[in-house]
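[1] Here is my input, please return the structure:
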Amino acid sequence: MRCFIFIFSFFYFYTFSQETKFPNLYSFKSEKFSVEKYDTSILNVFYSFKSKNPQRPNYNIESLCILQIGDNFSKFCDYNIIKKDSLLQKLNEKNVIIGNDISKFENYKEKWPVINLKNDNTKSIIYQNRVRNRYEYDENQPSIVWTLDNSTKKVLGYICNRATARYRGRNYIAWYTTDISKNNGPYIFEGLPGLILEISDDEDYVHFSAVAINDKSMEIYLRNEKSIIKTSRKKFREVQKSYFENPGVFYGNAYNEDGSSMVVKPRASIPYNPMELE
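    Residues are numbered from 1 along each chain as shown. As a prediction, this is how the structure comes out:
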């Protein structure tokens, strides 16, 4: 049996070995898990996320995301990130992670990679994203100029009105309901007279549609380990673009069970078509 051992963090190891089954004889010390709590949600909106990339027509993505809205902060992320964090917190208490523990993460594959936290008081946003390592940067809440019209449709049983806008290189169509008076929506989108329940760009590259709402109290937090790299949006986009163009250089060394070196084939470049083109 061959055992893969990559020389870098557990999560990068997991990300690029998702089809590997790990034997329990393999174990390592768990990485630190630490969070900072910002708020508690009073409303949670679950969105179906779908993505179609015209440069990769056979590569469609679907996932479930969550918008947690609190009194002062709101957070948007893939729901599997919250599940995975909960599992990691429990594993962190064990101090040692074995192969079976790693395999459990197979159930929690996030497809929407960005975590963003909005501060309603300062009108700023903290972003966390991953390209091998976890990066963090912040910026002011983007000012989006919406055009409202009289079109309506129902989303999740709510009457919604239509609005359009251009944001960082893409044209968006949003459907918002005034029945829920929350100036919020998926990702960074807000600025309408109600909650955005559906939004997509005009090429349907990204499409969010609300599928459930509840008022369960949930902790709104961000990971805050020292290993998180603080940077700027510009620098992060440079790293991200570099990864897509040269994904092979982000791999570490790999070894067989007997300690001999394993040949890791270089990966071909991946079409770089980010949601934010500008």
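
[2] ok, how many other residues are close to the closest residue to Trp112 other than its chain neighbours?
    Leaving out its chain neighbours, the residue that sits closest to Trp112 by CB to CB, 6 or more residues apart in numbering is Asp78, at 4.3 Å. In this view, the C-beta of every residue, glycine as well, is placed from N, C-alpha and C. For Asp78, the count of nearby residues is 21 (other CB atoms under 10 Å).

[3] Equivalent analysis for the one 3 residues further on, please.
    Neighbour count of Ile81, defined by other CB under 10 Å: 19.

[4] again, but for Asn140
    Asn140 has 9 neighbours, counted by other CB under 10 Å.

[5] how about the residue lying closest to it once chain neighbours are set aside, phi and psi?
    In this structure, Asn140 finds its nearest non-sequential neighbour in Ser124, 5.5 Å apart by CB to CB, 6+ apart. With angles defined as degrees, to the nearest 10, Ser124 sits at phi -130, psi 160.

[6] residue contacts, Ser124?
    By CB atoms under 8 Å, 6 or more residues apart in numbering, Ser124 lies in contact with Lys118, Asp138, Glu139, Asn140, Gln141.

[7] export those to JSON lines and tack on distance to Leu277?
    JSON lines is the format used below for the contacts of Ser124 (distance: CB to CB, whole Å):
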{"residue": "Lys118", "distance to Leu277": "22"}
{"residue": "Asp138", "distance to Leu277": "21"}
{"residue": "Glu139", "distance to Leu277": "16"}
{"residue": "Asn140", "distance to Leu277": "19"}
{"residue": "Gln141", "distance to Leu277": "19"}
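
[8] Scan these and report the most crowded one.
    Ranked by neighbour count (other CB under 10 Å), the contacts of Ser124 have Lys118 at the top, with 25 neighbours.

[9] Quick one: neighbours of the nearest residue to Ser200 once chain neighbours are set aside, just the number.
    In space, and not counting its chain neighbours, Ser200 is closest to His207: 3.9 Å by CB to CB, 6+ apart. By other CB under 10 Å, 18 other residues sit near His207.

[10] got a pLDDT number for the residue nearest to Asn140?
    Note for Ser124: predicted pLDDT of 97.
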